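*Asks:* sequence unknown, structure follows:
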């Protein structure tokens, strides 16, 4: 009786061993050669890395466009930043930003930075900004980022000059508003590159200030 039982178990044991060997070999081969679909969320880290484009944009700009990113300041704590064609022009790290309006001028054809400056719009002299804006040369892109308070001393002359650069919201800009803008000298139409967030105490993200704004994209080299 025991012999007959053993004879019956031998084929079963053989089948189990063969199955284990097959599974081990197949699974080992599969894990080495088959890529897990990304949508399963199990792909290796190197396959899910987001490509890095100029200024950290989510996509690459066409060859006849410039890449840019502008961040406004956060309250009166973190200063604004401006990146153009993967070059950081103004930022807290570079220690070349200040409260008020931070402005960079870029050659609209070559993409070369011409000049940058900060203007205190709370206690500074607004005539300095008027002079700066009036002297902007032709074929120039103008990048603007607010920090802390951009609007207290923004007079009608300054608002008109920004409007001539393509701004829609310069005429509304007020105390502690957040504002980012990219315009151009003698732009015929309103610029599509602008964001404005009004200082509303009941809606502000930070105490006394609205949240920071980020403006990024691709601006055509022949925007002018």
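*Replies:* The structure has been received and is ready for your questions. Quick caveat, the model's predicted, so the values are computed rather than measured.
*Asks:* give me the number of residues near the residue lying closest to residue 147 once chain neighbours are set aside?
*Replies:* Leaving aside its sequence neighbours, residue 147 sits nearest to residue 73 (Cβ to Cβ, 6 or more residues apart in numbering; 3.1 Å). For the C-beta atoms, the positions are set from N, CA and C on the backbone; glycine is no exception. By the measure other Cβ atoms under 10 Å, the count of residues near residue 73 is 27.
*Asks:* From residue 200, how far out is the nearest residue to residue 201 once chain neighbours are set aside?
*Replies:* Counting by Cβ to Cβ, 6+ apart, residue 201 lies nearest to residue 208, which is 7.5 Å off, once chain neighbours are set aside. Look at residue 208 and residue 200: by Cβ to Cβ, to the nearest Å, they are 11 Å apart.
*Asks:* try residue 167
*Replies:* Distance from residue 167 to residue 200, by Cβ to Cβ: 20 Å.
*Asks:* Out of these two, name the residue with the larger neighbour count.
*Replies:* Ranked by neighbour count (other Cβ under 10 Å), residue 167 and residue 200 place residue 167 first, with 26 against 9.
*Asks:* In terms of pLDDT, where does the more buried one sit?
*Replies:* Looking at residue 167, its pLDDT is 97.
*Asks:* just the one 4 residues further on next, same as before
*Replies:* In the predicted model, residue 171 carries a pLDDT score of 96.
*Asks:* got the contact list for the residue lying closest to it once chain neighbours are set aside?
*Replies:* In space, and not counting its chain neighbours, residue 171 is closest to residue 159: 4.9 Å by Cβ to Cβ, 6+ apart. When contacts are counted by Cβ atoms under 8 Å, 6 or more residues apart in numbering, residue 159 touches 170, 171, 173.
*Asks:* could the residues you listed be laid out in CSV, adding distance to residue 184, neighbour count and secondary structure?
*Replies:* CSV is the format used below for those (distance: Cβ to Cβ, whole Å; neighbours: other Cβ atoms under 10 Å; DSSP: H, G, I helix; E, B strand; the rest coil):
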residue, distance to residue 184, neighbour count, secondary structure
170, 14, 24, coil
171, 18, 12, coil
173, 19, 22, coil
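*Asks:* Kindly reformat those residues as TSV and extend each row with distance to residue 82.
*Replies:* Formatted as TSV, these follow (distance: Cβ to Cβ, whole Å):
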residue	distance to residue 82
170	18
171	23
173	18
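*Asks:* Of those residues, which is the nearest to residue 91?
*Replies:* Nearest to residue 91 among the contacts of residue 159, counting by Cβ to Cβ, is residue 173 at 22.1 Å.
*Asks:* Would you mind measuring from the closest one to residue 146?
*Replies:* From residue 173 across to residue 146, the span is 8 Å (Cβ to Cβ).
*Asks:* list residues touching both of these two?
*Replies:* Contact criterion Cβ under 8 Å, 6+ apart; residues bridging residue 173 and residue 146 by contacting each: residue 179.
*Asks:* hang on, the earlier thing: tell me the spacing between the residue nearest to residue 147 and residue 221.
*Replies:* From residue 73 to residue 221 the distance is 28 Å (Cβ to Cβ).
*Asks:* List the residues that contact the residue nearest to residue 62 when sequence neighbours are not counted.
*Replies:* Take residue 62 and drop its neighbours on the chain: the residue closest to it by Cβ to Cβ, 6+ apart is residue 218, 6.7 Å away. Going by Cβ under 8 Å, 6+ apart, residue 218 touches 57, 61, 62, 65, 66, 67, 68.
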